[in-house]
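Novice: Here is my input; please provide its structure:
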Amino acid sequence: MHWLNSLQEKIVMSRRLIYSRDIVAKYNISYPTVTHYTNLGFFTVVEKRGNKRLYEEEEVKRRLEQVKQLMKKGYPLRLIREQIIR
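Specialist: So this is what the prediction gives:
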């Protein structure tokens, strides 16, 4: 089983993970927005360290771009969620 844990660690390390506070700083959105988007299912928490949440950065970037594009077209978050979470 040790080899399995080692493999899992390598998989996690190969993904770029980002803390919620870093999402706030890098993408200029508020912390409550990060939490709201997480609750809606736009962002997936891939790991927790204490009370800190880690997300896969590529997913966050991709989802934020999708949300922004659809919001510009006038879609409400409810419909955006239906489009993104299929």
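Novice: Closest to the centroid, which residue in the protein?
Specialist: By Cα atoms, centre = their mean, the chain has its centre lying nearest to Phe43, at 3.1 Å.
Novice: Check for me that Ile18 belongs to a strand.
Specialist: Yes - checked against DSSP: H, G, I helix; E, B strand; the rest coil, Ile18 lies within a strand.
Novice: gap between it and Gly74?
Specialist: 29 Å (Cβ to Cβ, to the nearest Å). No exception for glycine: its C-beta is placed from N, CA and C like everyone else's.
Novice: Looking at the two, which one has more neighbours?
Specialist: Ile18 (22 against 7; other Cβ atoms under 10 Å).
Novice: for the residue nearest to the more buried one when sequence neighbours are not counted, phi and psi?
Specialist: Nearest residue to Ile18 in three dimensions, chain neighbours excluded: Glu57, at 4.3 Å (Cβ to Cβ, 6 or more residues apart in numbering). Backbone dihedrals for Glu57, given as degrees, to the nearest 10, come out at phi -60, psi -40.
Novice: wait, Glu57 sits on Ser20?
Specialist: No - contact criterion Cβ atoms under 8 Å: Glu57 and Ser20 do not qualify, at 11.6 Å.
Novice: circling back to that earlier point, and the residue nearest to the centre of the chain, helix, strand or coil?
Specialist: coil.
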